[in-house]
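>>> Sequence and computational prediction follow.
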Amino acid sequence: MHMEKVNKAVAFLKDLGLSQMLVSDPAAIFYMTGRWIHPGERFLALCIGEGKAPVLVLNELFQFQEDIGIEKRYIKDTDDITEVLKGIVDPEETLGIDKTMQARFLLAMMEHHTAKAFQNGSFAVDRARAIKDAGEQEKMIKASKINDAAMAQFKTLVRDGVTEKEIADQMLGIYQSLGATDHSFPPIVSFGNHASDPHHEPDDTALKEGDIVLFDVGCVYENYCSDMTRTFFWKNEPTQEERTIYNTVRRANEEAEAMLRPGIPLCSIDKKARDIITEAGYGPYFTHRLGHFIGIEDHEYGDVSSAFSNLTEAGNTFSIEPGIYLPGGPGTRIEDLVLITEDGYRRLNDYPKDIEVLG
């Protein structure tokens, strides 16, 4: 049990005016307990709060013997959740509920007045998870080092006639050989004009001379994720337009990273990169936010966008991934993960960003 993480979330609960909360998100429960539980449609919750000893409520199908340092209360499929929660939840206080709580359980709690009122408490846990401690930072640094090493191997898979899917299917084995356990998301392998689709799914398209080759990939190391994108050129030097787009995206990436430090609005980072791309004449073709937070999950609460004005804090880890996607091509994206430190930032990816022609 990671009580320091529980206590951090409880402190943020107080900022919301809450003294208790039911956490149902399996990733958040893992964050606080160190134990993955995937309940499917069944009830799962960790009750936390000020002055409360945490209690884990879970179905008896998921029993485990390990002592995690807190009470485990097992329930049956036929149990009434509202009865189970009596004595765990204070009915005289407002109860925080997270955003993954199933409506059928919440509606029952509301009907039976399990608490005085109900309020979204997700922000408390989300904010705690957004500030990575030293142990989490080390795992994310290692995950990105593996991703750098894997990228160097992925490009050796590129050859005339190979398909996107053939390369994607070999990536997990490379990750595992380097110490990772899994992909952090399905890999994106895009040839030619497919690079102008930010979320292209690898298919049977075969590589041909002159194609752009885009890899957006990440792995999991000790339950923490990495994520990086690099764009290459196959056999031929990029055209003038491709070179201009590439250099514009790289400049947006590097200048956005250069401004990073604690205490700046996340929206201002997006603006920096977006202004560079807009001034180059490609503004309408940068079609997504600049970045997303990352940790136990590849996409966590918090983003680097015009709509997110929260200030950066030491321990935040997020992506910086500008892109330009012309309809029908070409498309380019360059992505690093960054960690906000006490006095600046650390880029977690060291794989080069120079124009690279393969083959």
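Structure received.
>>> Look up how far residue 155 lies from residue 359.
10 Å (Cβ to Cβ, to the nearest Å). All C-beta atoms are positioned from the backbone trio N, CA, C, and that covers glycine.
>>> Ok, residue 318 next?
Remark: distance between residue 318 and residue 155 (Cβ to Cβ) = 25 Å.
>>> More neighbours: the two, which one.
Higher neighbour count among residue 318 and residue 155: residue 318, with 26 against 17, using other Cβ atoms under 10 Å.
>>> doesn't residue 302 make contact with the more buried one?
Yes - assessed by Cβ atoms under 8 Å, residue 318 is found in contact with residue 302 at 6.7 Å.
>>> which residues do these two both contact?
266, 292, 293 (Cβ atoms under 8 Å, 6 or more residues apart in numbering).
>>> Could I get the average pLDDT for stretch 208-215?
Across stretch 208-215, pLDDT averages out at 98.
>>> Format the CA atom coordinates belonging to it as PDB.
Output in PDB follows, covering the C-alpha atoms of stretch 208-215 (Å, rounded to 0.1, in the frame of the first residue of the first chain):
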ATOM      1  CA  LYS A 208       8.000   2.200 -51.700                       C
ATOM      2  CA  GLU A 209      10.900   4.400 -52.600                       C
ATOM      3  CA  GLY A 210      10.400   8.000 -51.600                       C
ATOM      4  CA  ASP A 211       7.900   7.300 -48.800                       C
ATOM      5  CA  ILE A 212       7.800   9.000 -45.500                       C
ATOM      6  CA  VAL A 213       8.000   6.500 -42.600                       C
ATOM      7  CA  LEU A 214       6.400   7.600 -39.300                       C
ATOM      8  CA  PHE A 215       6.700   5.600 -36.100                       C
END
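>>> can you give me the offset of it from its chain's centre?
Chain-centre distance of stretch 208-215: 27 Å, with Cα atoms, centre = their mean, to the nearest Å.
>>> swap in stretch 284-298?
With Cα atoms, centre = their mean, you get 9 Å for stretch 284-298.
>>> Pull out the buried positions in it.
Residues of stretch 284-298 classed as buried by neighbour count (16 or more other Cβ atoms under 10 Å): 285, 286, 289, 290, 291, 292, 293, 294, 295, 296, 297, 298.
>>> In these, find the pair that's most separated.
Spatially, the most separated pair among the buried residues of stretch 284-298 is 285 and 296, at 32.4 Å (Cβ to Cβ).
>>> Residue 185: neighbouring residues, count only.
Using other Cβ under 10 Å, residue 185 has 16 other residues around it.
>>> Name all residues that make contact with the closest residue to it other than its chain neighbours.
Nearest residue to residue 185 in three dimensions, chain neighbours excluded: residue 298, at 4.7 Å (Cβ to Cβ, 6 or more residues apart in numbering). Going by Cβ under 8 Å, 6+ apart, residue 298 touches 184, 185, 218, 225, 227, 292.
>>> How about the contacts made by the first one?
Listed by Cβ under 8 Å, 6+ apart, the contact partners of residue 184 are 143, 218, 219, 220, 225, 226, 227, 298.
>>> quick check, nearest of the buried residues of stretch 284-298 to residue 69?
Nearest to residue 69 among the buried residues of stretch 284-298, with distances taken as Cβ to Cβ, is residue 296, at 19.6 Å.
>>> Quick check: which element contains that closest one?
Assigned by DSSP states H and E, residue 296 belongs to no helix or strand.
>>> ok, it - contacts?
Counting by Cβ under 8 Å, 6+ apart, residue 296 touches 27, 30, 31, 129, 223, 224, 225.
>>> Ok, residue 217 next?
147, 150, 151, 154, 171, 183, 187, 188, 227, 228, 229.
>>> would you list every one of the helices in this protein?
3-15, 26-33, 81-84, 103-111, 122-130, 134-154, 164-177, 240-258, 266-279 (DSSP state H).
>>> what's the closest of those helices to residue 92?
Set against residue 92 and scored by Cβ to Cβ, the helices of the chain come closest in helix 103-111, at 14.5 Å.
>>> I'd like the average pLDDT over the closest one.
pLDDT averaged over helix 103-111 gives 97.
>>> Quick check: buried residues in it?
105, 106, 108, 109, 110.
>>> Would you mind measuring from residue 261 to residue 73?
Applying Cβ to Cβ, the value for residue 261 to residue 73 is 45 Å.
>>> for residue 157, same thing?
Taken as Cβ to Cβ, the span from residue 157 to residue 73 is 50 Å.
>>> possible to save the contacts of residue 184 as TSV with distance to residue 339?
TSV is the format used below for the contacts of residue 184 (distance: Cβ to Cβ, whole Å):
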residue	distance to residue 339
143	12
218	15
219	17
220	17
225	13
226	12
227	13
298	16
